[in-house]
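Enquirer: Predicted model and sequence below, questions to follow.
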Amino acid sequence: MGLLLWIVAVLLVVGGAINLMQGQILFGVLLIVVGLAVGPGGYSIFNSRSARA
């Protein structure tokens, strides 16, 4: 599961960087933030709060 989240996070960040280069600043920043949040080490919607403690 961690590998899948890492791949999704990389795709989101790369897509965000591409959007930034094309001038779509808001959408690019949004994709980068979501990519950083989803990746392993970031916030994951698949982990419950009780599992972190």
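Expert: Perfect, thanks for sending it.

Enquirer: from the chain's centre, how far out does the helix or strand hosting Leu36 sit?
Expert: Using DSSP states H and E, Leu36 maps to helix 25-38. Distance of helix 25-38 from the chain centroid (Cα atoms, centre = their mean, to the nearest Å) equals 6 Å.

Enquirer: what does stretch 10-24 give?
Expert: Worked out by Cα atoms, centre = their mean, stretch 10-24 lies 12 Å from the chain centre.

Enquirer: coming back round to it: tell me the buried residues in the helix holding Leu36?
Expert: Neighbour counts over helix 25-38 (16 or more other Cβ atoms under 10 Å) mark 28, 31-32, 34-35, 38 as buried. In short, each C-beta sits where N, CA and C put it, glycine included.

Enquirer: elements contacting it?
Expert: helix 2-21 (3 or more Cβ pairs under 8 Å, 6 or more residues apart in numbering; DSSP states H and E).

Enquirer: so for the helix it packs on, what's the average pLDDT?
Expert: Averaging pLDDT along helix 2-21 gives 91.

Enquirer: CA atoms only for it, dumped as CSV, please.
Expert: Output in CSV follows, covering the C-alpha atoms of helix 2-21 (Å, rounded to 0.1, in the frame of the first residue of the first chain):
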residue,chain,number,x,y,z
GLY,A,2,2.9,2.4,0.7
LEU,A,3,4.3,1.9,-2.7
LEU,A,4,1.0,2.7,-4.3
LEU,A,5,0.6,5.9,-2.2
TRP,A,6,4.2,6.9,-3.2
ILE,A,7,3.4,6.5,-6.9
VAL,A,8,0.2,8.4,-6.6
ALA,A,9,2.0,11.2,-4.7
VAL,A,10,4.7,11.4,-7.3
LEU,A,11,2.2,11.6,-10.1
LEU,A,12,0.3,14.4,-8.3
VAL,A,13,3.4,16.5,-7.6
VAL,A,14,4.7,16.1,-11.2
GLY,A,15,1.3,17.0,-12.6
GLY,A,16,1.2,20.0,-10.3
ALA,A,17,4.6,21.1,-11.5
ILE,A,18,3.5,20.8,-15.1
ASN,A,19,0.4,22.9,-14.4
LEU,A,20,2.5,25.6,-12.7
MET,A,21,4.7,25.8,-15.8
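
Enquirer: Alright, calling it a day.
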